[in-house]
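Student: My questions are about this predicted structure, shown below with the sequence.
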Amino acid sequence: MAAYAAAGAAAISVITEPSRFEGELSHLAQAAQLATGVPLMRKDFLVEPYQVYEARLHGAAGVLVILRMLEESTQESMLAACEECGLFALLECFDEADLARAAVLVHRQAGRGMLLVGINCRDLASLQVVPGRLDALAPRLPEGVARVAESGVESPADAARLSRAGYEVALVGSALMRAANPAVLARELLEQGRAARAAGAQPHAAQPRRMQR
């Protein structure tokens, strides 16, 4: 974690899902004890507001909220819990319908807590990367929030391409896990993303940040 923090990570996500990904809440608590100064995000299939309180109790600064898993009323209550706890929420989307829901929530939550909106290019059921999804859906992302490219970011060239498409944050996991030197790759992803933004930024986009998974 210290290496990712030094490389410039905006946040570090910690998987707590036990049945499919061998995560535990204790992993989040352990990460929080390392005190790198980088905020932590609980990454799990959260379905109840109490899990937001769990996240806060174990040291998280934010949580992942997968919109298509939740009824509208639950989405609202999850975000209310995030606001109460002072946590950010990454609203995860997979298609245009999810993005429409995210836009409504962003509008309703304006000025009430920190939201990010992300597109995950992995199929939720098969976990296989769907090529082209990030690029195709980028124009549908709502205004006024940080835009996150989730999964499928394998190289600095990917980071540059997605930065030009309008993404400001990349949630990167597998590529860093496979890298011989993850900290070096993390730094290169960030540098290339920022260089692409500086060379030809979308007018609404801020400097890209990287979120380590």
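Tutor: Cool, got the structure.
Student: Does anything pack onto the helix ranked longest in the chain? Which helices or strands?
Tutor: Determined from DSSP state H, the single longest helix within the chain is helix 182-200. For helix 182-200, the packing partners by 3 or more C-beta pairs under 8 Å, 6 or more residues apart in numbering; DSSP states H and E come out as helix 2-7, helix 156-165, strand 169-172, helix 174-178, strand 209-212. Every residue, glycine included, has its C-beta placed from N, CA and C.
Student: looking at the ones you listed, which is buried most?
Tutor: When these are scored by mean count of other C-beta atoms under 10 Å, the highest mean neighbour count falls to strand 169-172 (a mean of 27).
Student: Of the helices and strands packed on helix 182-200, which shows the lowest average pLDDT?
Tutor: For the helices and strands packed on helix 182-200, mean pLDDT drops lowest on strand 209-212, to a mean of 59.
Student: Return the set of residues that bridge with G118.
Tutor: E92, V148 (DSSP bridges).
Student: what's the burial count for it?
Tutor: 29 (other C-beta atoms under 10 Å).
Student: I'd like the helices and strands packed on helix 182-200 as a markdown table, with distance to T16 appended.
Tutor: Listed next are these as a markdown table, based on distance: least, C-beta to C-beta, whole Å:
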| stretch | distance to T16 |
| --- | --- |
| helix 2-7 | 18 |
| helix 156-165 | 26 |
| strand 169-172 | 16 |
| helix 174-178 | 17 |
| strand 209-212 | 16 |
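Student: Could you pull up the mean pLDDT of stretch 74-85?
Tutor: 96.
Student: With stretch 9-16 instead?
Tutor: On average, stretch 9-16 scores 93.
Student: Report the buried residues of that stretch.
Tutor: 9-16 (16 or more other C-beta atoms under 10 Å).
Student: who's in contact with it?
Tutor: Residues from elsewhere that reach stretch 9-16 (C-beta atoms under 8 Å, 6 or more residues apart in numbering): 1, 4-5, 21-25, 27-28, 31, 36, 38-44, 55, 60-62, 64, 169, 171, 173, 186, 209-213.
Student: cool, and stretch 183-196?
Tutor: Contacts for stretch 183-196 (C-beta under 8 Å, 6+ apart): 3-4, 6-9, 153, 155-164, 170, 172, 175-176, 179, 207-210, 212.
Student: how about R42, secondary structure?
Tutor: strand (DSSP: H, G, I helix; E, B strand; the rest coil).
Student: what's the weakest-modelled helix or strand in the protein?
Tutor: One helix or strand of the chain scores below all others by mean pLDDT, DSSP states H and E: strand 209-212, with a mean of 59.
Student: dump the residue contacts of R108.
Tutor: Counting by C-beta under 8 Å, 6+ apart, the residues that R108 touches are E76.
Student: A80 versus that one, what's the distance?
Tutor: Using C-beta to C-beta, to the nearest Å, R108 is found at 11 Å from A80.
Student: got it, and V153?
Tutor: 31 Å.
Student: now swap in Q109 and tell me
Tutor: 9 Å.
Student: can you check G111 too?
Tutor: For G111 relative to A80 (C-beta to C-beta), the value is 14 Å.
Student: quick one, which of those two is more surrounded?
Tutor: Taking neighbours as other C-beta under 10 Å, G111 and A80 compare with A80 leading, 15 against 4.
Student: tell me which element the more buried one is part of?
Tutor: helix 72-85 (DSSP states H and E).
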